[in-house]
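Student: whatever this is, show me its structure:
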Amino acid sequence: MSNNIFFDVFIHISKRKFSICVIHLENSKKIYENESLIENDLNGIDFQKFQEFLDDNILKIEKNLKEFIKNIHIIIETEDFSKIQISLKSYNNGRILTSRDLSYSLNEARYQCKKTLENKKIVHMLIDNYRVNDQDYTFLPENLECNNYSLDIKFICLSLNFVKKLENCLEKYQISISKIINAEYVEKYFNNDDDLFIKAKKITEGCNPNEIEFLNKIKKKQGFFEKFFNFFN
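Tutor: Next up is the predicted model:
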């Protein structure tokens, strides 16, 4: 087997169903898809059955594709997520507001969230609102001079214990988690009946300009915020 990866792997986890999908990077066509309905008497995810689901699918996928799976995106549907809202105000001294000007505020917000939720992993960091010159904007306004601005930022977090259980299940196959994705966020962002895996792929590709990415690995295409957090992480 080679390591010339041409696909993304997504797993959807919920209390009642596990599903996996392999999507071609270039044309977004599905190469492999399978699901398993779960009889679950637990309050949350049955990680033993999740391990069995991986056993039934991972080696089969690698054999069919003649490629090793190194990373997986995991879409999770669970009540174990928690959310925190932070609002920060900053001064801009009458200059045109740019994404670079927001860097300090974003770092400060992230620090405050991590300080408050010590045993949580930040899964999504989202700017819900830009308030500039006492006007609200859903996206960063262009070429706008301002003396001050504020950001309403939402964090979606997952317990480190939950993340560790996921990592333990994948460790057998030497697979790492590329990104954890909150299923509720994906569905609300697109608000349509399109395929969940395709929507999740768009999220990982940065389709939401108000989501702040902080990843260790460098992608081919990056927005400003992702480049910023790659630089400082």
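Student: for the rest of this, base every contact and every neighbour count on C-alpha atoms.
Tutor: OK.
Student: pLDDT-wise, which helix or strand of the chain ranks last?
Tutor: Using mean pLDDT, DSSP states H and E, the weakest-scoring helix or strand in the chain turns out to be helix 224-232, at a mean of 46.
Student: what's the single longest helix in the protein?
Tutor: When the chain is parsed with DSSP state H, its longest helix is helix 47-65.
Student: what's in contact with that one?
Tutor: If you take CA atoms under 8 Å, 6 or more residues apart in numbering as the criterion, helix 47-65 is touched by 18, 32, 34, 36, 38, 68, 69, 165, 166, 169, 170, 173.
Student: run a quick neighbour tally on the second one.
Tutor: Other residues lying near residue 32 total 16 when counted by other CA atoms under 10 Å.
Student: same thing with the first one?
Tutor: Applying other CA under 10 Å, we find 20 residues neighbouring residue 18.
Student: centroid-nearest residue for this structure?
Tutor: residue 181 (4.1 Å; CA atoms, centre = their mean).
Student: and residue 37, what is it in contact with?
Tutor: Neighbour list for residue 37: 16, 17, 18 [criterion: CA under 8 Å, 6+ apart].
Student: how about the first one: what's its closest non-neighbour residue?
Tutor: So that's residue 16. In space, and not counting its chain neighbours, residue 16 is closest to residue 38: 4.8 Å by CA to CA, 6 or more residues apart in numbering.
Student: quick check: the one you found touching residue 13?
Tutor: No - applying CA atoms under 8 Å, one finds residue 38 not in contact with residue 13, separated by 10.4 Å.
Student: and those two? Which one has more around it.
Tutor: For the pair residue 38 and residue 13, the greater number of neighbours falls to residue 13 (20 against 16), based on other CA under 10 Å.
Student: quick check: beta-bridge partners of the more buried one?
Tutor: residue 18, residue 76 (DSSP bridges).
Student: kindly state the pLDDT recorded for it?
Tutor: Note for residue 13: predicted pLDDT of 97.
Student: OK, contacts around it?
Tutor: Shown in contact with residue 13 (CA under 8 Å, 6+ apart): 19, 45, 74, 75, 76, 77.
Student: run through the strands of the protein in chain order.
Tutor: 7-13, 17-24, 30-37, 71-76, 81-91, 120-132, 135-137, 148-159, 176-182 (DSSP state E).
Student: what's the shortest one packed up against?
Tutor: Put plainly, it is strand 135-137. Counting contacts by 3 or more CA pairs under 8 Å, 6 or more residues apart in numbering; DSSP states H and E, strand 135-137 packs against strand 120-132.
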